[in-house]
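> Whatever this is, show me its structure:
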Amino acid sequence: QVQLVESGGGLVQAGGSLRLSCAASGLSFRVYAMAWFRQAPGKERDFVARISYNGGTTNYADSVKGRFTISRDNAKNTVYLQMNSLKPEDTAVYYCAADRQIRTTQFMGARDAYDHWGQGTQVTVSS
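Next up is the predicted model:
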C-alpha cells in the first residue's frame, strides 16, 4: 500500500520560513518524480514544484520561484519543500504527489499525471 505522509506545516508570519517533508512508503521511491501542489480555500489545486527521480531537474511555478526549493533524499524516501519569504497568499493545504513517468514541462502541472497523493498539510501565513 502506497503512502505519502506530509508534515511540517503550521502557522508562520509573513517573511518567515517553513520546511515541509513528505515521507513515502510502499513504492520504489527512487524511480518516481515527486511534486508539491497546494490548494487554497475555494480554489483549485495548483502545481508548486517538481523534482525528477534522481534530483537532477527541478521545476517551479512562477509564483514561488526564488523563494521555494524542492529537494529529495532517496535514501530516506523523503521529498522536501523549503519555503522562504512566505507571503499570506502562500496560505493553503500543501500536498505531495508521485509520478512514475517522465514529463515535459507542459504536463508537470496536470493533476491527473500523478499516481499517488498524500493527505496534505496546512500552511497558514499571517500578515
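
> Could you check how far the residue nearest to residue 107 when sequence neighbours are not counted is from residue 44?
Excluding the flanking residues, the one nearest residue 107 by Cβ to Cβ, 6 or more residues apart in numbering is residue 113, at 5.6 Å. To be clear about C-beta, it is placed using only N, CA and C from the backbone, and glycine gets the same treatment. Between residue 113 and residue 44 the distance, using Cβ to Cβ, to the nearest Å, works out to 15 Å.

> ok, now residue 94?
From residue 94 to residue 44 the distance is 14 Å (Cβ to Cβ).

> Looking at those two, which has the bigger crowd around it?
residue 94 (24 against 8; other Cβ atoms under 10 Å).

> Need the contact partners of the helix or strand hosting residue 50.
For residue 50, the element it lies in under DSSP states H and E is strand 45-51. Outside strand 45-51, the residues that touch it by Cβ atoms under 8 Å, 6 or more residues apart in numbering are 33-39, 57-61, 64, 68, 70-72, 79, 81, 94-95, 99, 108-109, 111.
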